[in-house]
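Novice: Everything below, folded, please.
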Amino acid sequence: MDPPIEVKVVRTHPDAALPVRGSEYAAGWDIRAVEQTVVEFRSSTMVPTGLKVAIPAGYEGQIRARSSLGRKGLILPHSIGTIDADYRGELFVLMTWIGEGSSYTIEK
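Specialist: Purely as a prediction, here's the structure:
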């Protein structure tokens, strides 16, 4: 087993929630929107997280949508978002609404 790596996380917004592990064996860490965001039908919207991360050199971070979001019709248009090791800006998650109704509201 590889030794654990350290990923530094910084809040850029006072309401930002730090990433949390959903369970002991969860494959990743859950992040949340820092503000309510409306995604219009068949449109893509950048959802702010209020977080910055420092991925160590030689690694990448990945943003994946929870399967429950896809069942509702809210998807990541490119399936996986990549966070490069040298990216230090705020994390935004590109989401697209293809479900029922004219829009979907992502709660904070």
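Novice: buried sites along the helix or strand of the chain with the lowest mean pLDDT?
Specialist: Within the chain, confidence by mean pLDDT, DSSP states H and E is lowest for helix 67-72 among all helices and strands, at a mean of 89. Buried residues in helix 67-72, counted by 16 or more other C-beta atoms under 10 Å: Leu69. Placement of C-beta: from N, CA and C, glycine included.
Novice: Could you do stretch 92-108 as well?
Specialist: 92-93, 95-97, 99, 104, 106.
Novice: Can you name the two of the residues you listed that sit furthest apart?
Specialist: Phe92 and Gly99 (20.9 Å; C-beta to C-beta).
Novice: who touches the least confident helix or strand of the chain?
Specialist: Contacts of helix 67-72 from elsewhere in the structure, counted by C-beta atoms under 8 Å, 6 or more residues apart in numbering, are 75, 99, 104.
Novice: my guess is the last one meets Leu74, correct?
Specialist: Just to be clear, that refers to Tyr104. Yes - contact criterion C-beta atoms under 8 Å: Tyr104 and Leu74 qualify, at 5.4 Å.
Novice: What is the neighbour count of Val34?
Specialist: Neighbour count for Val34, taken as other C-beta atoms under 10 Å: 21.
Novice: got it, and Thr37?
Specialist: The burial count for Thr37: 18, using other C-beta under 10 Å.
Novice: dump the residue contacts of it.
Specialist: 45, 47-48, 95, 105-106.
Novice: Brilliant, that's me finished.
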